[in-house]
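Asker: here is my input; please provide its structure:
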Amino acid sequence: MRPTLLASLLISAVSLGASSFPDPQKDLHLTAKADTVVFAAGCFWGVEAVFERVKGVTEATSGYAGGSKWTAHYEIVSTGTTGHAESVKVTYDPSQITFGQLLKVYFAVAHDPTQLNRQGPDEGTQYRSSIFYTSDEQKQVAVAYIQQLDEAEIFSRPIVTKVVPLEGFYPAEAYHQRFFDRNPDYPYIVFNDLPKVKHLEAEFPKLLKR
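Answerer: Coordinates of the predicted model:
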């Protein structure tokens, strides 16, 4: 995870036109039962920071998904050989925000879903774009939304996000949690993650926590 102005420019390019970013045509029904989903979208610092600010999200935890618990350690995951992706487990209240609205934030703000096995300055399968669903209903909505976005040509390139079942999530080391909020002046945060949060605040004010 290294600072670069290029990543900031890439994020800005992706965000163009996001104010008209479409709502999912298919969504889950509102319920009173808490739900979870795991999003992989590059470095987990910025992804966590984005979802922490979304209304209805009760917890956003940085961690690893896609590999075994034995290799769920930052130094090993960073080699790109574990099958893990840096991920964020999002626990949310469906009575306040829908799964489809979370997907909208994921695709419009959290990352560039057209980059394969990388995100901005970070390269490797550990930085891939992936939705780890926890129910068949989530899978159906996510797959349908990707198709909707591709057909509408929202992005200049096809979406490469994989939609796969969650087989295990392992929280990252303590120093990774809330890294954005605890290290606001860290160069990587300033160049790569702060633009995401600012974009969320500017384009989707109704989805912000009050």
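
Asker: for Thr161, see how far away Leu116 is.
Answerer: With distances taken as C-beta to C-beta, to the nearest Å, Leu116 is found 10 Å from Thr161. From N, CA and C alone the C-beta is placed, and that goes for glycine too.

Asker: shared neighbours of these two, anything?
Answerer: Ser129 (C-beta atoms under 8 Å, 6 or more residues apart in numbering).

Asker: compare neighbour counts for the two and give me the winner.
Answerer: Neighbours around Leu116 and Thr161, counted as other C-beta atoms under 10 Å, are more numerous at Thr161. The numbers are 26 against 14.

Asker: that one contacts Pro113, correct?
Answerer: Yes. Counting by C-beta atoms under 8 Å, Thr161 touches Pro113, with 4.7 Å between them.

Asker: which neighbours do the two share?
Answerer: Between them, Thr161 and Pro113 share the contacting residues 107, 129, judged by C-beta under 8 Å, 6+ apart.

Asker: low-confidence stretches in the protein?
Answerer: Within the chain, the segments meeting pLDDT under 70 span 1-19.

Asker: let's see 90
Answerer: Scanning the chain for pLDDT under 90 picks out 1-20, 29-33, 210.

Asker: all strands of it, in order?
Answerer: For the chain, the strands defined by DSSP state E cover 35-41, 57-65, 85-92, 118-119, 122-123, 129-133, 162-165, 169-171.
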